[in-house]
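Chemist: Just the structure for this:
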Amino acid sequence: MTGPRDLSPRDAWKRYVDRRRTELTDGSADSYHYRLKLFGAWCEDRGIETVSELNGWLLDEYRAHRAGEGIASTTLHNEMETLRGLVEYLENIGAVEDGLSKKVDVPRVPEDEQSRETKLATDDALEILRFHRSNDETYGSLFHAFLEVAWHTGARLGALRGLDLRDFDRDVGYVEFVHRPETGTPLKNKRKGERMVKLLPEVVDVVDAYIAGDRRSNHDEHGRQPLFTSTRGRPGRNTVRVWSYRATMPCVFGPCPHGHDPDDCEFRSHTHASKCPSSRAPHHIRTGAITWHQDRGIPKEVTAERVNASQRVIDRHYDVATKLEEMELRRGPHMDKLSLD
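Modeler: Next comes the predicted model:
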């Protein structure tokens, strides 16, 4: 009869991910699967047959191996942090020696790499929104309504994709994000991610116009009515990304900054939208939106509730200021104090 110490690395990491699936969103579980699959393959290449063979030296060898492949420091951090979780699990079931998890070196990410520097710039976002609001042809279009909601709520891709028609209240003026894993639209933070987010009247009007005009009256495979619909009902995650890329292209409101002719530019196609140097993914919209909330003086605790992120995470990752912006913040009301008069 075999015991936990006889587990192969492959069986161990699969068992661990299966145990965590009830706690993780599908996206997080997939990330764990990918990171640990790499570790399992490395163990097989090294001839490591059982997890009981693992020791501090081998774990350090794996860290050096991954670092030597030139991956980003944030990627290495996440991979080693996930590996530490696996080793802690193996400790708990008696598959490896106690204390082995403390020998997993999770590298610190340099502070200057912790912020998401790529974002949808405030000036670009506002210019696109003003263009749509003043343009009869595009007012209330899918791309317009999507960008208005994404920018004003700072919501994640999955949350935007999961919105139903019933989650939009035009009378009170809000959208409600609801965790519905049983029908394919979980929120990243599950029930803790549920919230109502107030919308400005002008944003409500845009969403109203979209529902009355551009929105397809489709249902998804579970019989739900998505707020933002595709030809097949609820859009897939990749479709939402493409909407984001196309909605943020600068040629929407002006000439192409890269010298392309919009009429024959391949970036404007569904399959190449992500290649436009100036287009932005949903997470970049979220980053820009959170920074905009901060710049507009919205209290940090209010922003945190609207976008479903802790104040600490907002400070570290999302409040991205340029060096010029930082100088202006430092200068602020204090420069007069340095006057010789």
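Chemist: and the residue lying closest to Thr50 once chain neighbours are set aside, how many neighbours?
Modeler: In this structure, Thr50 finds its nearest non-sequential neighbour in Asp6, 5.4 Å apart by C-beta to C-beta, 6 or more residues apart in numbering. (C-beta placed from N, C-alpha, C; glycine too.) Burial of Asp6, expressed as a neighbour count using other C-beta atoms under 10 Å, amounts to 13.
Chemist: doesn't Ser52 make contact with Asp6?
Modeler: Yes: if you go by C-beta atoms under 8 Å, Asp6 and Ser52 touch, sitting 7.3 Å apart.
Chemist: tell me the helices in the stretch 101-250 of the chain, going along the chain?
Modeler: In the stretch 101-250 of the chain, the helices defined using DSSP state H, counting those that start in this stretch lie at 122-133, 142-153, 157-161, 201-212, 237-247.
Chemist: what's the closest of the ones you listed to Val313?
Modeler: Each of these was checked against Val313 via C-beta to C-beta, and the shortest separation belongs to helix 157-161, namely 15.7 Å.
Chemist: what helices or strands is the closest one leaning on?
Modeler: Contacts of helix 157-161 with other secondary structure elements, assessed using 3 or more C-beta pairs under 8 Å, 6 or more residues apart in numbering; DSSP states H and E, are made with helix 142-153, helix 237-247, helix 282-295.
Chemist: Quick check: the residue nearest to the spatial centre of the chain vs Thr74, distance?
Modeler: The residue lying closest to the centre of the chain (C-alpha atoms, centre = their mean) is His283, at 4.5 Å. As judged by C-beta to C-beta, to the nearest Å, His283 and Thr74 stand 13 Å apart.
Chemist: Report the residue spans of the stretch 1-150 of the chain with pLDDT below the cut-off.
Modeler: Applying pLDDT under 70 to the predicted model, the residue ranges of the stretch 1-150 of the chain that meet it are 1, 25-27, 110-118.
Chemist: if you set the cut-off to 80 instead, what comes out?
Modeler: Judged against pLDDT under 80, the low-scoring parts of the stretch 1-150 of the chain cover residues 1-2, 22-28, 72, 74, 109-118.
Chemist: Now do the strands in it.
Modeler: In the stretch 1-150 of the chain, no strands are found when defined by DSSP state E, counting those that start in this stretch.
Chemist: returning to that earlier point: with distance to Gly99 as extra columns, can I get the helices and strands packed on helix 157-161 in CSV?
Modeler: Listed next are the helices and strands packed on helix 157-161 as CSV, based on distance: least, C-beta to C-beta, whole Å:
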stretch, distance to Gly99
helix 142-153, 45
helix 237-247, 40
helix 282-295, 37
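Chemist: Good, wrapping up.
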